[in-house]
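A.B. asks: Fold the following for me, if possible:
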Amino acid sequence: MAAEPPSVLLIEAEEDTRKMLEPLLEEWGYRATLVATATEGLKNLLERRFDLIILDDWLPDLDGVELCRQIRDIDQQTPVIFFSAATMGSEDRRAFAVGANAYIYKNGGPGSLREAMAKELNKNHRQPDKHDIEDGPLTS
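C.D. replies: Below you'll find the predicted structure:
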């Protein structure tokens, strides 16, 4: 019996980004839940456990840093990766200050996100079964 793929909660405001990442996450070997708001994300986190959380910094109902702070109030273990279009240098420092594990800029492309996900899950010995990160660079 095959192991369950790692579960990812993606909290991303931009519909286009969700549509782009959904098939990639599946291709990379993850089982993803995608939501557009902090409220939906917190609801999902209270209902089940995830192996990884990916956050947008700019959500319609709550700042991503504040959401990360709230996530850390209920879950200190699950890795949190920001995937953000923010370009101000202070955004990543604010995210790390409240418990983020990684901060990836969207202009780095999905390959940067993929690498950060693999790195964080490797720390917890939880990797997808297929499409090892060493397969080569991903083009966006």
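
A.B. asks: does Pro23 count as helix, strand or coil?
C.D. replies: Assigned state for Pro23: helix (three-state reduction, DSSP: H, G, I helix; E, B strand; the rest coil).

A.B. asks: what's the neighbour count on it?
C.D. replies: 10 (other Cβ atoms under 10 Å). To be clear about C-beta, it is placed using only N, CA and C from the backbone, and glycine gets the same treatment.

A.B. asks: Look at it and report its pLDDT.
C.D. replies: With respect to pLDDT, Pro23 has a value of 97.

A.B. asks: And the one 4 residues further on, by the same measure?
C.D. replies: What the model reports as pLDDT for Glu27 is 96.

A.B. asks: after the helix-or-strand element of the chain with minimal mean pLDDT comes which helix or strand?
C.D. replies: Within the chain, confidence by mean pLDDT, DSSP states H and E is lowest for helix 89-97 among all helices and strands, at a mean of 88. The helix or strand immediately downstream of helix 89-97 is strand 102-105, counting by DSSP states H and E.

A.B. asks: quick check: mean pLDDT across that following strand?
C.D. replies: Averaging pLDDT along strand 102-105 yields 94.

A.B. asks: What strands line up against that strand, and which way round?
C.D. replies: Strand pairing for strand 102-105, determined by DSSP bridges: strand 80-84 (parallel).

A.B. asks: just how off-centre is the strand it pairs with within its chain?
C.D. replies: Centroid separation for strand 80-84 versus its chain: 5 Å, with Cα atoms, centre = their mean, to the nearest Å.

A.B. asks: who touches it?
C.D. replies: Residues from elsewhere that reach strand 80-84 (Cβ atoms under 8 Å, 6 or more residues apart in numbering): 12, 17, 52-58, 64, 68, 71-72, 91-92, 95, 99-106, 113, 116-117, 120.
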